[in-house]
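In: build me a structure from this.
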Amino acid sequence: MTTCNPLQVQAFDTADVAEQIRATPGWVQHYQQMSPGHFAGRVRYLDLQGVEIYEEQMNTRVEQNFSAPEGSLAFCFDRSDNALYVLNGESRNIWITPENYQEIAVVFGPEFVQRHGLNVARLEGLFMAPLNSGQNALFSRWLSGTLTRLAQTLDPPSKEALTQQLLEDCLYILDNACVCLDRGGLQRRAEERAVMKRIGEWAADAPEDTLNLLELSQVAGVSLRQLQHAFKAYTGMTPTHWLRLRRLNSARRELLSRTAMDTTVAEVAMHWSFWHLGRFSSSYRALFNELPSQTLARTPCGATGRG
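Out: Residues are numbered from 1 along each chain as shown. Have a look, this model is predicted:
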């Protein structure tokens, strides 16, 4: 038993993107599955009272539309490309993870940020830019190993010592990563991010709305060509494919929330503008590895009483 350990690492295994969101409290998030297969995820979480550590794993590609907790400063280490992404709580961010994604993040809460004089405004221009450093992979492995050791030991370090080390290490890595930045690439990334930010704000404010391609470019405030470039850079897919995957995810959420007593697969398909039932079922099965009728047969989300 490890009940004597005051640094308690929590672990959650998830089978749906909605469960993955519930396992990361405090974040404003909207997830959608973007590649085929049964979703399988895992989250490990450590609360250091003012500083939090998250480790997230997901097997399928997932669109993440999210904001860090307000007033916080987050250092997110993408273990697929060993890049550091710095986030704040004042802007929404959207991107699509690769398959078999792994990330580990250190989140400094608002009180910690203020108490240590961390002037977040000085990092403007760096948020969500891929920051590369030879230290990223080393730190990620060390931090993941630390979560594993803390889950097993009865003699953990003090919270104060661990939080201070996390702060010093993250700032050291940031300092080294900034030296390697390509300013031209950073400017392009900022422009593409501005486009995706507008898309992300629309998607968060109206998660169940649907648009066509030209309406989407109007939301983004750019030409169709600029929209295509931004999507290619940020998601690796076309806007049209993104819109279709978005509708399939919306259909899945509706199927999970309803029963066969009050709706049919055909009604849900037509609600999300899938007019050919056979093609809808085929596309749905290709993405989620099950037929829409199988999803509808499940117990509706929320009926199990899971908090």
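In: tell me who's in contact with Val107.
Out: Gly26, Val51, Glu52, Ile53, Tyr54, Ala68, Pro69, Ser72, Leu73, Ala74, Phe75 (C-beta atoms under 8 Å, 6 or more residues apart in numbering). (C-beta placed from N, C-alpha, C; glycine too.)
In: identify the bridge partners of it.
Out: Glu52, Ala74 (DSSP bridges).
In: roughly how far apart are it and Gln228?
Out: Note on Val107: its distance to Gln228, by C-beta to C-beta, to the nearest Å, is 33 Å.
In: just to revisit the earlier point, hmm, which of the contacts of Val107 is lowest in pLDDT?
Out: For the contacts of Val107, the model is least confident at Gly26; its pLDDT is 76.
In: now it, what's its secondary structure?
Out: Of the three states, Gly26 takes coil under DSSP: H, G, I helix; E, B strand; the rest coil.
In: go through the contacts of Val107 and say which is closest to Arg115.
Out: Lowest distance from Arg115 to the contacts of Val107 (C-beta to C-beta) belongs to Val51, with 11.0 Å.
In: for the closest one, what are its contacts?
Out: Val51 is in contact with Val106, Val107, Phe108, Gly109, Phe112, Thr163, Leu166, Leu167, counting by C-beta under 8 Å, 6+ apart.
In: tell me which helix or strand of the chain sits lowest on mean pLDDT?
Out: helix 183-205 (a mean of 78; mean pLDDT, DSSP states H and E).
In: show me what counts as buried in the helix or strand following it.
Out: Proceeding C-terminally, helix 183-205 gives way to helix 213-220 as the next helix or strand, assigned by DSSP states H and E. Residues Leu216, Ser217, Val219, Ala220 are the ones in helix 213-220 that count as buried (16 or more other C-beta atoms under 10 Å).
In: what does helix 213-220 rub up against?
Out: By C-beta under 8 Å, 6+ apart, the residues outside helix 213-220 that reach it are 195, 198-199, 202, 211, 223-224, 226-227, 230, 239-240, 243.
In: so what does the residue of the chain most remote from its centre have for phi and psi?
Out: If you look at how far each residue of the chain sits from its centre, by C-alpha atoms, centre = their mean, the farthest one is Met261, at 33.8 Å. Phi and psi for Met261, reported as degrees, to the nearest 10, are phi -80, psi -30.
In: go on, the one 5 residues further on?
Out: Backbone torsions of Ala266, given as degrees, to the nearest 10, read phi -60, psi -40.
In: now the end-to-end length of stretch 232-248.
Out: With C-alpha to C-alpha, to the nearest Å as the measure, the ends of stretch 232-248 fall 20 Å from one another.
In: now that stretch: mean pLDDT?
Out: Here the average pLDDT along stretch 232-248 is 88.
In: quick one: contacts of that stretch?
Out: 32-34, 63, 94-96, 188-189, 192-193, 196, 203, 210-213, 216-217, 227-228, 231, 272-274, 283-284, 287-288.
In: if we can go back for a sec, looking at the contacts of Val51, which is nearest Gly278?
Out: Comparing the contacts of Val51 against Gly278 with C-beta to C-beta places Val107 closest, at 45.4 Å.
In: quick one: pLDDT of the closest one?
Out: What the model reports as pLDDT for Val107 is 94.
In: repeat that for Pro6.
Out: 64.
In: then Glu56?
Out: At Glu56, pLDDT is 96.
In: ditto for Ser67
Out: pLDDT, Ser67: 82.
In: contacting residues for it?
Out: By C-beta under 8 Å, 6+ apart, the residues touching Ser67 are Trp27, Val28, Gln29, Gly89, Glu90, Ser91, Arg92, Asn93.
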